[in-house]
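Trainee: Sharing a model that was predicted from the sequence below.
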Amino acid sequence: MNADTPTRRWTTRLMASTLAGVVGLLALFMSPWSDSASAHGSIVDPASRSYGCWERWGSDHLNPDMAQEDPMCWQAFQANPNTMWNWMSLFRENLAGDWSAIPDGKLCSAGDAQGGLATSLDRPGAWTTTDVDNDFSVHLYDTARHGADFFEVYVTRQGFDPTTQALGWDDLELVAETGSYPPAQDITFDVSAPGRTGHHIVYTVWQASHLDQTYFICSDVNFT
């Protein structure tokens with residue numbers, strides 16, 4: 001991990017319970033805005049890779065046009081449809097603030113967080129981007145209202161090419177570190193990443209408050 005990585009804050013908490021396992025293919029029949037306690041959350045703006053695929057193709061996943069119009073979502077869906085349906089479960093547990101468990105090249109899958117099902121999210125390519133300014137907002141949708149101990153937001157350095165390079169920690173610069181947020185479905189905060197143009201990856205680390213549960217989320221953006 002590079003020198004930009006901050007000293008990790010950690011508060012020891014009593015482990016109250018373990019969450020249910022990841023949502024399976026039955027999620028196809030659920031609304032993404034479900035208030036189910038068994039659900040989790042993700043960054044929906046700028047859209048995470050898996051959420052963006054679900055948002056664009058979840059109701060039209062058999063359309064062969066996906067292969068040409070959205071090739072990175074297509075390859076992810078072909079590798080395993082659960083990568084799309086289970087867009088809210090890119091988390092790891094019991095890391096105690098040590099992000100080294102997420103190796104270079106595996107950041108977007110949270111280090112194979114779904115048992116190897118989401119490794120297609122790590123592949124470089126023409127991922128669909130969200131247009132943003134250098135000053136933009138990050139929006140978490142938290143279906144289970146976990147709250148947050150903190151967020152860390154990183155952005156790739158100018159010159160990194162997400163279409164050809166797998167993401168590593170040294171490719172990232174920390175641009176925002178927040179305080180805590182109480183339980184809520186929607187959490188939005190502002191960040192700034194000056195000096196960037198074109199396609200970049202916004203990498204959000206969300207430390208949920210209910211357990212030692214940490215989410216690692218890639219969002220593709222186009223700085224205009």
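Mentor: That came through fine.

Trainee: and stretch 175-192, average pLDDT?
Mentor: Computed over stretch 175-192, the mean pLDDT rounds to 97.

Trainee: Name the residues of that stretch that are buried.
Mentor: 175, 176, 178, 181, 187, 191 (16 or more other Cβ atoms under 10 Å). In short, each C-beta sits where N, CA and C put it, glycine included.

Trainee: which ones are touching the third one?
Mentor: So that's residue 178. Contacts for residue 178 (Cβ atoms under 8 Å, 6 or more residues apart in numbering) come out as 148, 150, 151, 152, 189.

Trainee: Can you name the residues bridging to the second one?
Mentor: According to DSSP bridges, the partner residues bridging residue 150 are residue 207.

Trainee: how close does residue 124 sit to residue 154?
Mentor: Distance from residue 124 to residue 154, counting by Cβ to Cβ, to the nearest Å: 17 Å.

Trainee: wait, I meant residue 89
Mentor: Using Cβ to Cβ, residue 89 is found at 21 Å from residue 154.

Trainee: just to revisit the earlier point, buried ones among the contacts of residue 178?
Mentor: 148, 150, 151, 152.

Trainee: hang on, isn't the last one packed against residue 215?
Mentor: Going back to what we said before, that points to residue 152. No - with contact defined as Cβ atoms under 8 Å, residue 152 does not reach residue 215; the gap is 10.8 Å.

Trainee: hey, what's in contact with both of those two?
Mentor: Listed as contacting both residue 152 and residue 215 by Cβ under 8 Å, 6+ apart are 204, 205.

Trainee: Measure how far stretch 201-209 is from the centre of its chain, please.
Mentor: Offset of stretch 201-209 from its chain centre (Cα atoms, centre = their mean, to the nearest Å): 7 Å.

Trainee: Which residue ranges of this structure form strands?
Mentor: 41-45, 91-93, 130-132, 135-142, 148-156, 172-177, 186-192, 198-208, 213-223 (DSSP state E).

Trainee: same for the last one, what does it pack against?
Mentor: Just to be clear, that refers to strand 213-223. strand 41-45, helix 49-57, strand 91-93, strand 130-132, strand 198-208 (3 or more Cβ pairs under 8 Å, 6 or more residues apart in numbering; DSSP states H and E).

Trainee: still on that earlier bit, what about the strands of the chain, which gets the closest to residue 117?
Mentor: Closest approach to residue 117 among these is made by strand 91-93 (13.5 Å; Cβ to Cβ).

Trainee: My guess is residue 173 contacts residue 153. True?
Mentor: No - with contact defined as Cβ under 8 Å, residue 173 does not count as touching residue 153 (9.9 Å).

Trainee: Look at the two and report which has more neighbours.
Mentor: Each of residue 173 and residue 153 has its neighbours counted (other Cβ atoms under 10 Å); residue 153 has more, 24 against 18.

Trainee: Quick check: closest non-adjacent residue to that one.
Mentor: Spatially, and ignoring its direct neighbours in sequence, residue 153 is nearest to residue 176 (4.1 Å; Cβ to Cβ, 6 or more residues apart in numbering).

Trainee: now swap in residue 223 and tell me
Mentor: That would be residue 196: by Cβ to Cβ, 6+ apart, it lies 4.6 Å from residue 223.

Trainee: before we move on, what about residue 205?
Mentor: Closest to residue 205 by Cβ to Cβ, 6+ apart is residue 152, at 4.2 Å.
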